[in-house]
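Q: Quick one: sequence plus predicted model below, questions after.
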Amino acid sequence: MAARAYWQGQIRLALVSIPVEIYTATKSGAAISFKQIHEPTGKPIHYEKVVTGVGPVDPEEIVKGYEYQKGEFVLLDQDEIDAVKLESKKMLELTQFVDASEIDVLYYEKPYFVVPADDLAEEAFIVLREALRKAKKVGLGQLALRGREYVVSLKPCGRGMVLETLRYADEVHKAQGYFRDIADDKPDPELLDLATALIDKKTAPFHPDEYHDRYVDALKRLVEEKRAAKGGKVIEEADEKPARAANNVADLMAALKKSMERGGATASAEDAPAAGPKLKAKAPEPANEDTPVAAKKPARKAPVKAKAEEPAPAAPARKPAARKRELATAEPLGRRSAERFSYG
């Protein structure tokens, strides 16, 4: 099934209008959703739309209202909202062009793919795309989407273009309010060199498919453990020791040097945690007294030492040469055992 266009309209540059369609470029990733459950009955919780003093109401009786002062509302029908005239609902006019570096990453919100609406629009679409690419600029304009108007950017992307909604200035906090208390000091040159070398060592091409949500994986494991425990309590064993914070330059220097020795890894092989958290099910309840059990076996006695280990009363003392031959005979067995259990 073909994807459905999120928006259809025109991009206008001066007197040139290009019919286009835009499609969402992202999707929701894997997630686990939990429902609220009434524990005594095991049934899910439901919510009803109610009016104080009236009780539950029908959806047909619900309209939208704007509270202009406490307890006072202006009621609006959906057709009145839809009839609001705004040119940007069907037209994206490019009013400015800037270098991409001029737009702070904090302002970018959500990306969309832009394609020509039909074959007739393709030529003008390609001209605009290549002009933006050649000029190394990003187009800016405003576009109404799903109940609000956004500032948007437009830039080339392969054979198509990408439109990104941007946040307004009043939607972004000023960084100075959070960074002002950080000292404006120069780092120690040796520490800086070590940190730079560590970054260089861990530098590699970005492959998004190498990353996934490990928290979701852990929750899935927890759910499976809970099912296997048949409702029993499942707890996670904490085997990771909290890292000690570096409290001075010596600690930071030692940590950076150790990181370099480990090839940039955050932990050594022996310190690395297992692939997933260790989950332990609560021990099952003891069996009922009436439940038949296997007949008890007699308790096992402590092993008796081999008689060979007891001193032989009549045996003559061994000569050193005989003792040397005995050790030589025993040595290959030890070597074979070592080879058998070697993990190198």
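A: Received the coordinates, thanks. As the structure is a prediction and not an experimental result, all values here were calculated from the model. Residues are numbered from 1 along each chain as shown.
Q: Let's test this: name the helix or strand in this structure with the lowest mean pLDDT.
A: In the chain, no helix or strand scores lower on mean pLDDT, DSSP states H and E than helix 320-340, which sits at a mean of 40.
Q: what's near enough to touch Gly9?
A: 19-20, 89-92, 143 (C-beta atoms under 8 Å, 6 or more residues apart in numbering). Every C-beta, even on glycine, is put in place using the N, C-alpha and C of the backbone.
Q: and these as CSV, adding secondary structure?
A: As requested, those are exported to CSV (DSSP: H, G, I helix; E, B strand; the rest coil):
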residue, secondary structure
Pro19, strand
Val20, strand
Lys89, helix
Lys90, coil
Met91, strand
Leu92, strand
Leu143, strand
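Q: ok, of those residues, which come out buried?
A: 19-20, 91-92, 143 (16 or more other C-beta atoms under 10 Å).
Q: Distance check, Glu224 against Ala31.
A: 16 Å (C-beta to C-beta, to the nearest Å).
Q: who has more neighbours, these two?
A: Neighbours per residue, other C-beta atoms under 10 Å: of Glu224 and Ala31, the larger number sits with Glu224, 12 against 9.
Q: got the residue ranges for the helices in the stretch 1-150 of the chain?
A: 78-82, 119-135 (DSSP state H, counting those that start in this stretch).
Q: Can you add mean neighbour count, mean pLDDT and distance to Pro208 and give those helices back as a markdown table?
A: Below are the helices of the stretch 1-150 of the chain laid out as a markdown table (neighbours: other C-beta atoms under 10 Å; pLDDT from 0 to 100; distance: least, C-beta to C-beta, whole Å):
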| stretch | mean neighbour count | mean pLDDT | distance to Pro208 |
| --- | --- | --- | --- |
| helix 78-82 | 9 | 84 | 38 |
| helix 119-135 | 14 | 96 | 23 |
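Q: Would you reformat those helices as CSV and include distance to Thr203?
A: Compiled in CSV, the helices of the stretch 1-150 of the chain are given as follows (distance: least, C-beta to C-beta, whole Å):
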stretch, distance to Thr203
helix 78-82, 51
helix 119-135, 27
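Q: Which one of those helices lies nearest to Val172?
A: helix 119-135 (24.8 Å; C-beta to C-beta).
Q: Just list what the closest one packs against, helices and strands only.
A: Under the contact definition 3 or more C-beta pairs under 8 Å, 6 or more residues apart in numbering; DSSP states H and E, helix 119-135 sits against strand 16-24, strand 108-116, strand 148-157, strand 160-166.
Q: Show me what the second one is packed up against.
A: Under the contact criterion of 3+ C-beta pairs under 8 Å, 6+ apart, the helices and strands touching strand 108-116 comprise strand 16-24, helix 119-135, strand 148-157, strand 160-166.
Q: Give me the below-cutoff pLDDT ranges for the stretch 151-300 of the chain.
A: 231-232, 234, 236-250, 263-300 (pLDDT under 70).
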